[in-house]
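Undergrad: Here's a sequence, model it:
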Amino acid sequence: MKKLLAFTILLLSNTIFGCGYSPYGEDIRYCLFKPSYFNFGEFYSFNYHANLWGFDYDDTNRSKQYDSNITDWYHHLKGKVSLESIVDYNLNLSVIDIHAQSENEFIKFLFTNNKKNEIQYLINAKKCEELNSWQETNPWEKEHVNIQEKNKNFYNLLVKTYKLEKNTYLKRKYAFQLIRAAYYLNDYKTISTTFETQFKNSTKDYLYYWSLFFNCFTKNDPSKWVDVANIMANCPEKTNACYYYFHSDFNLKQALTATSNPKDIANLYAFSSLQKVDENLENLKNIYQFNPNSKLFDFLLLREINKIEDWVYTPYYTNYLPSVEIYNHFWNDSKDKVTTQTLRARSEKDREYALQVLQFINSINFDNINNKALWYSAQIQLLFREGA
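TA: Modelled structure (predicted):
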């Protein structure tokens, strides 16, 4: 009994903080203007989202659309094979599956119609995939294999094949395969020369932007950032990779010195806005000035509305900090005391910012905007928030 009494006294003499569950992040974030209502699948990774910190590389959450290389083959064959069969080749087949007895509709069509050049390209493309994933050693080989020598031999063959190819359609495809292979073999000179020769003055289609992505690794001047921003704005398949590899060193001030093209400037401001979790109205104004008919411009407005919803609605209706700021407050040992009065006062301040965004929307010419429905909806949404 004496031990129990001593233990009780000791327990009561100390201040103890208990851990318990409290909702946070997406559990509390108010979002009425949902990104899923609009067609921004290629920018899904950059939605304003508390738990993801703005990143989500799960392709199942992106809008269901075929990659550009899939639709390219479909149109090249004049729609005579299904898109699904091309996807099946692209994702599931290996080089040994490319033969006349294949059950794949795409492969079968090529053999049936004696498309020898296309077949050889597909074989080489699959071999390029192997090159891009080979390691320095192969533990499954019974005899020692010099992987580097094997890579180099195929690479030299790829260079020769590219130079000999006469078909313009296939030559551009070979050029991209060569650029990608050169990247994995650290042959940056070949990347640069091939891009200059084959793509610099060509049509700016997906092959141009896919090749431009690898060419960015060869550059160290501010023009690199212009290329990066243009890839982000024009190439859905490279948005994630582009941001992942280049955002940490991005310098907007330096980048703006490398171009006078209005669309380039707008794309630079857009790239710098993709992960901003604070007010972004000034960047939106700059994008509107240089290229109002930009899909990224539309997306960034949506993102700004989602921020305002979090800043205004989340504290007002839950009595919690905004869902993103809650991390900064608690994990950075903030000494600020958060009270209901503090939250309401800050919420009112954020309403003032919402009014500024509304005034900007009211000032623009909707005839110049790409997604008018989004902007009209944002206008209505902000009007309700202003009166809430």
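Undergrad: Next SSE downstream of the lowest-mean-pLDDT helix or strand in the chain?
TA: Here the helix or strand of the chain ranked lowest by mean pLDDT, DSSP states H and E is helix 325-331, holding a mean of 51. On the C-terminal side of helix 325-331, the closest following helix or strand by DSSP states H and E is helix 340-363.
Undergrad: between whichever helix or strand comes after that following helix and helix 340-363, what angle do the directions make?
TA: Downstream of helix 340-363, the next assigned helix or strand under DSSP H and E is helix 372-387. Orientation check (axes from the mean of the first three to the mean of the last three Cα atoms, to 10 degrees): helix 372-387 against helix 340-363 gives 140 degrees.
Undergrad: Alpha carbons of helix 372-387, as PDB, please.
TA: Output of helix 372-387 as PDB, limited to C-alpha atoms (Å, rounded to 0.1, in the frame of the first residue of the first chain):
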ATOM      1  CA  LYS A 372     -14.100  29.500 -69.600                       C
ATOM      2  CA  ALA A 373     -16.300  27.200 -67.600                       C
ATOM      3  CA  LEU A 374     -13.600  26.900 -64.900                       C
ATOM      4  CA  TRP A 375     -13.200  30.700 -64.700                       C
ATOM      5  CA  TYR A 376     -16.900  31.400 -64.500                       C
ATOM      6  CA  SER A 377     -17.200  28.700 -61.800                       C
ATOM      7  CA  ALA A 378     -14.300  30.200 -59.800                       C
ATOM      8  CA  GLN A 379     -15.900  33.600 -60.000                       C
ATOM      9  CA  ILE A 380     -19.200  32.200 -58.600                       C
ATOM     10  CA  GLN A 381     -17.300  30.200 -55.900                       C
ATOM     11  CA  LEU A 382     -15.400  33.300 -54.700                       C
ATOM     12  CA  LEU A 383     -18.600  35.400 -54.700                       C
ATOM     13  CA  PHE A 384     -20.200  32.800 -52.300                       C
ATOM     14  CA  ARG A 385     -17.000  32.800 -50.200                       C
ATOM     15  CA  GLU A 386     -17.000  36.600 -50.000                       C
ATOM     16  CA  GLY A 387     -20.500  36.600 -48.700                       C
END
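Undergrad: Could you pull out the buried residues of that helix?
TA: Under the neighbour-count criterion of 16 or more other Cβ atoms under 10 Å, helix 372-387 has 374-375, 377-378, 381-382, 385 buried. Bear in mind the C-beta positions are built from the backbone N, C-alpha and C, glycine included.
Undergrad: tell me which of the residues you listed is nearest to residue 316?
TA: residue 385 (10.1 Å; Cβ to Cβ).
Undergrad: about what we covered before: mind putting the buried residues of helix 372-387 into TSV with distance to residue 154 and pLDDT?
TA: Output for the buried residues of helix 372-387, formatted as TSV (distance: Cβ to Cβ, whole Å; pLDDT from 0 to 100):
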residue	distance to residue 154	pLDDT
374	48	94
375	51	95
377	53	93
378	52	94
381	55	88
382	57	91
385	59	68
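Undergrad: List just the nearest of the residues you listed to residue 196.
TA: The closest of the buried residues of helix 372-387 to residue 196 turns out to be residue 374 (Cβ to Cβ; 38.6 Å).
Undergrad: mind listing what the closest one touches?
TA: Applying Cβ atoms under 8 Å, 6 or more residues apart in numbering to residue 374 gives the contacts 38, 298, 301-302.
Undergrad: Give me the subset of those residues lying in helices.
TA: 298, 301-302 (DSSP state H).
Undergrad: pLDDT score assigned to the closest residue to residue 258 other than its chain neighbours?
TA: Distances taken as Cβ to Cβ, 6 or more residues apart in numbering place residue 222 nearest to residue 258, at 3.8 Å, with adjacent residues excluded. The confidence metric pLDDT takes the value 95 at residue 222.
Undergrad: Now do the contacts for residue 222.
TA: 251, 254-255, 257-258.
Undergrad: Weed out the non-buried ones from those.
TA: Buried members of the contacts of residue 222, scored by 16+ other Cβ under 10 Å, are 255, 258.
Undergrad: What is the nearest of the contacts of residue 222 to residue 166?
TA: So of those, ranked by how close each gets to residue 166 (Cβ to Cβ), first place is residue 258, at 36.4 Å.
Undergrad: Helix, strand, or coil at the closest one?
TA: coil (DSSP: H, G, I helix; E, B strand; the rest coil).
Undergrad: Please tell me how far residue 199 sits from residue 180.
TA: Here the criterion is Cβ to Cβ, to the nearest Å. By it, residue 199 lies 13 Å from residue 180.
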